[in-house]
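S.K.: Here is my input; please provide its structure:
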Amino acid sequence: MPETSAEPQGPERAVLRSALRDGGLLVAGLVVVGGLVGLATAGLPGLLGALAGGVVVAFFCGTTVWSMWASVGKPPATMAGYVMGSWLAKMAVLFLALLALRGVIDGMPAAARFVVLGVVALGAVGSALLDYRAVRNGRVPYVDG
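M.R.: Model prediction:
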């Protein structure tokens, strides 16, 4: 039976689904491991630091996949606009969040701050590697024909 979904399902969407799934697993793993490390080294502030880092990683990973998902099948200039617009929005949100949380972050024990930094840094590297793996393993044709 033919698919009746209004949204086209192609190889690009499969790559993005894979990136989204793997990104979710990465965030979950980082929160669990970071939470345990944070709890052991800084108590409750360390656990909360791992959760905050996980939220940042999830937001950044999710926004990237969303911008790509929304631009599949669009002309390259439109796709570039989506990706650049989402990047600018992420930077604005990060700046405003850090500005708003400046007092909270300054009041955290040093170990808790390192937990936040560790979760975000590992999330950034892990997300890039998982996105690369999703694209590398994706079966997307180079030409239509």
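S.K.: Next, Met108: phi, psi?
M.R.: Main-chain dihedrals, Met108, degrees, to the nearest 10: phi -80, psi 150.
S.K.: who are the neighbours in contact with it?
M.R.: Residues counted as contacts of Met108 (CB atoms under 8 Å, 6 or more residues apart in numbering) are Ala42, Pro45, Gly49, Val116. For the C-beta atoms, the positions are set from N, CA and C on the backbone; glycine is no exception.
S.K.: Val119: neighbouring residues, count only.
M.R.: Using other CB atoms under 10 Å, the number of residues around Val119 comes to 27.
S.K.: which stretch of helix or strand covers it?
M.R.: Assigned by DSSP states H and E, Val119 belongs to helix 110-137.
S.K.: Can you give me the buried ones in that helix?
M.R.: Using 16 or more other CB atoms under 10 Å as the test for burial, helix 110-137 gives 111-116, 118-120, 122-123, 126-127, 130-131, 134.
S.K.: Nearest to Ala80, out of these: which one, please.
M.R.: In terms of CB to CB, no member of the buried residues of helix 110-137 lies closer to Ala80 than Asp131, at 17.0 Å.
S.K.: Is it correct that that closest one is in contact with Ala19?
M.R.: Yes - using CB atoms under 8 Å, Asp131 is in contact with Ala19, at 5.2 Å.
S.K.: could you dump the lowest-mean-pLDDT helix or strand in the chain to PDB, C-alpha only?
M.R.: One helix or strand of the chain scores below all others by mean pLDDT, DSSP states H and E: helix 102-107, with a mean of 78. C-alpha atoms of helix 102-107 as PDB (Å, rounded to 0.1, in the frame of the first residue of the first chain):
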ATOM      1  CA  ARG A 102      25.700  34.300  35.700                       C
ATOM      2  CA  GLY A 103      25.000  34.600  39.400                       C
ATOM      3  CA  VAL A 104      24.000  30.900  39.600                       C
ATOM      4  CA  ILE A 105      27.100  29.700  37.800                       C
ATOM      5  CA  ASP A 106      29.300  32.000  40.000                       C
ATOM      6  CA  GLY A 107      27.800  30.500  43.100                       C
END
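S.K.: Got a quick PyMOL command for the buried subset of the contacts of Met108?
M.R.: Here is the PyMOL command that selects the buried residues among these (16+ other CB under 10 Å):
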select buried, resi 42+45+49+116
